[in-house]
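Engineer: Give the three-dimensional model of this entry:
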Amino acid sequence: MQGLHLTADLYNCNCAAELLTRADTLADACRTATLDAGLTLVAEKWHTFPDYQGEPGGVTGTLLLAESHLAVHTWPERGNVTLDVYVCNFEQNNSDKAERLMHALLGAFNPEKAQCERLLRGDEDGSSANGELILEALNQTSVYGHRFERRLLARQTPFQRLELLQSAELGRTLRLDDHFMTSERDEFFYHEALIHPAALAHEQPASALIIGGGDGGALEEVLKHPCIERVTLVEIDADVVQVSRDHLQAIHKGAFDHPKAEIRIEDGCSFLERTQQQFDLVYLDLTDPETPAGPLYTETFFKHCKRVLQPGGALVLHLGSPFHEPEQVKTLAAVLSDVFRHVNAYGLYIPLYGAYWSLAVVSDTLQPRQTQAADIAHRLKTRNITDLQYYNPGIHSALFALPNFYRKILNIQ
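Structural biologist: Numbers count the residues shown, from 1 in each chain. Next up is the predicted model:
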C-alpha cells in the first residue's frame, strides 16, 4: 500500500470556462494528462451539478487507475479547483508519474495561487516522520533528493510553479517548476562561484548585468566589489523577487534595496534587444535550459549579450552537470565558442543540485583561467572582500582545473 499522495487547492484559475463547467471537456483533459504521464486508466465517473442562482454548476469526477486514482472537483463561481492524485508503488515506483500528472493539471488550470501537499503513505516503519522526501531528476535515469520538514509556501506564478520549503540542513529552500534553485545554507557554493571568478579576473569592473537571479544571491555577491558602480538585475517573474524579499533575507541580505542596484521586472530577451547600456560583466543566473528559460540558451541570445559587453568584458553562465548532461554541456559550449573567442569552463560540486556542476566565463579577451592566485589574493585584499565561505585564491585555480572526462566533453587537449 506504500505510495505517494498529492493534493492541490487551486484558486482563481485562468483557464477556459468549459474546463470548470463541462464534464466532457474536463474528462478529456484529465484522461489526456493521465495517459501522457504513463498511468493506466481502468474506469471513470463524472457528474455536472445543476445551475445555481444563475451560475453554472461545477463538475466532480474520478478516474480509477490501475495505480490508484485521480479526483477533481470544480467551483466555477470562484474559479477554484481541488485535485487529488494517489499512486501505489507496490510493484514499481510510480511517484514520478504522479508528479507529471499533477504538473500537467496545474498547467491546464493555470491558477493564480496553488496550495499543494505531498504525502508519503503506507510505510509504518518508514522515514516520513523525518520529513517529506522531494526528488529531482538529473537525467532520465538518475535522481537525487532532500527531506523537508514542511512547505512554507506554494503558488503558481504567471510563469512557473514556485515553492518555498523548510529543511533542518538547508534552511529555507526555493524550488521552481520542480527544480531546486537555492537554499539559505548552501547558496554560497553557487553564488560565489558564479560571480567572483570573472569579477576578480577583471581588473576593475564598474558595471554588471544579471539576467534572472530573482533570489538576490548573485546581486549580493556582485555588490561586494566596491569598484562596481551599478548593477542591473532583470527578472521576468515578480513573484520570485517578492518571495525572496519576504523570506530569503539570509541569501540576498537586503541587496534589492542597495543604492547601486536597479531591479527591473521584465523579459531578459526584450531588455537586451532594447537596451543601449553596456556592462563589464553579464551574468545569466537562470533556471535550466529545459525550463521557460530555454530561449536564453541560444546563439541569438548570446549575441545580444555580447553586444552589451564593454571591451574586456565577459559573460558568465552555468551549463549543467557534465556527468549527467554531457550532451547539453557540449552543445552549449560549442554554441558559445561560435560567438566568443574564449570559453573558460570550470566546475564545482553544489550540494543542493546533487552533482558536480559546469559553469563558464566566455569573452573575447578575459581569461580567468590564466589569472594567478597571487593576483586574486591582491584584488581580494584591495577590494576588502573578506566574507566568503567558498571562494579564495586557491579555489580560483582549482575551479578551472577540469577533470579529464569534462575536458573530453569540451574537446580540450
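
Engineer: and the nearest residue to Glu55 once chain neighbours are set aside, what are its phi and psi?
Structural biologist: Leaving aside its sequence neighbours, Glu55 sits nearest to Glu77 (CB to CB, 6 or more residues apart in numbering; 4.7 Å). Heads up, the C-betas are built off the backbone N, CA and C, glycines and all. In terms of degrees, to the nearest 10, the main-chain angles of Glu77 are phi -70, psi -20.

Engineer: Please apply the same query to the one 5 residues further on.
Structural biologist: Geometry field for Thr82 lists phi and psi as phi -120, psi 140, criterion degrees, to the nearest 10.

Engineer: Please apply the same query to Glu169.
Structural biologist: Note on Glu169: its backbone torsions stand at phi -90, psi -40 [degrees, to the nearest 10].

Engineer: Quick one, grab the pLDDT at it.
Structural biologist: With respect to pLDDT, Glu169 scores 95.

Engineer: any idea how far it lies from His103?
Structural biologist: According to CB to CB, to the nearest Å, Glu169 stands 26 Å off from His103.

Engineer: how much space is there between the residue nearest to Glu55 and Pro50?
Structural biologist: Plainly put, Glu77 is 13 Å away from Pro50 if you go by CB to CB.

Engineer: next one: Arg22
Structural biologist: Counting by CB to CB, the separation of Arg22 from Pro50 is 14 Å.

Engineer: Which one's more surrounded, the two?
Structural biologist: Arg22 (18 against 6; other CB atoms under 10 Å).

Engineer: Tell me how many other residues crowd Ala43.
Structural biologist: 9.

Engineer: Secondary structure element for the closest residue to it other than its chain neighbours, which one?
Structural biologist: Excluding the flanking residues, the one nearest Ala43 by CB to CB, 6+ apart is Leu64, at 4.2 Å. Per DSSP states H and E, Leu64 falls inside strand 59-65.

Engineer: Now tell me what touches the very next helix or strand once past that strand from outside.
Structural biologist: Per DSSP H and E, the first helix or strand lying C-terminal to strand 59-65 is strand 68-75. With CB atoms under 8 Å, 6 or more residues apart in numbering as the test, strand 68-75 has contacts from 3, 19-21, 26, 30, 34, 58-63, 80-88, 101, 105.

Engineer: List the neighbouring strands of the helix or strand hosting Ala8 plus their orientation.
Structural biologist: Using DSSP H and E, Ala8 maps to strand 3-13. Within its sheet, strand 3-13 is paired with strand 80-88 (antiparallel), strand 111-121 (antiparallel), according to DSSP bridges.

Engineer: Output the contacting helices and strands for the helix or strand that that strand is followed by.
Structural biologist: Heading C-terminal from strand 3-13, the first helix or strand you meet, by DSSP H and E, is helix 18-21. Where contact means 3 or more CB pairs under 8 Å, 6 or more residues apart in numbering; DSSP states H and E, helix 18-21 is packed against helix 23-36, strand 68-75.

Engineer: Great, nothing more from me.
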